[in-house]
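>>> Okay, sequence plus prediction incoming.
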Amino acid sequence: MKRIATFMLLLTLAVAGAMPANAQRISPEENARRSSKAAKNQQKMLKKANKKQRKAARKADKAGRKAAERNNRSYRK
């Protein structure tokens, strides 16, 4: 059993070693495309974060108004 596992490992390493290692150079066009895609994604995330922040601010504002209204009601009585 150990011989079979060793043989399979050796075979796998031989196949992996036989494959050519390509240099991972990126063309300027590819770099520009990736850059613009990353910038677009960043803008999207920023817009989403701003929207969440505005929503939280409105919610806090509304809670403050309600608290003030409850407080004013208690003074009226």
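Yep, that arrived.
>>> Return the set of buried residues in stretch 60-73.
By neighbour count with 16 or more other Cβ atoms under 10 Å, stretch 60-73 contains no buried residues. From N, CA and C alone the C-beta is placed, and that goes for glycine too.
>>> any idea of the mean pLDDT for that stretch?
Averaging pLDDT along stretch 60-73 gives 92.
>>> same question, stretch 29-43
Stretch 29-43 comes out at a mean pLDDT of 95.
>>> For it, what is the distance to the chain centroid?
15 Å (Cα atoms, centre = their mean, to the nearest Å).
>>> Other residues contacting it?
Contacts of stretch 29-43 with the rest of the structure, by Cβ atoms under 8 Å, 6 or more residues apart in numbering, involve residue 26.
>>> give me the element the residue nearest to the spatial centre of the chain is part of.
Against the mean C-alpha coordinate of the chain, by Cα atoms, centre = their mean, the closest residue is residue 45 at 8.3 Å. Take DSSP states H and E as the rule and residue 45 turns out to sit in helix 28-76.
>>> before we move on, what about residue 13?
helix 2-18.
>>> elements contacting that helix?
Judged by 3 or more Cβ pairs under 8 Å, 6 or more residues apart in numbering; DSSP states H and E, helix 2-18 is in contact with no other helix or strand.
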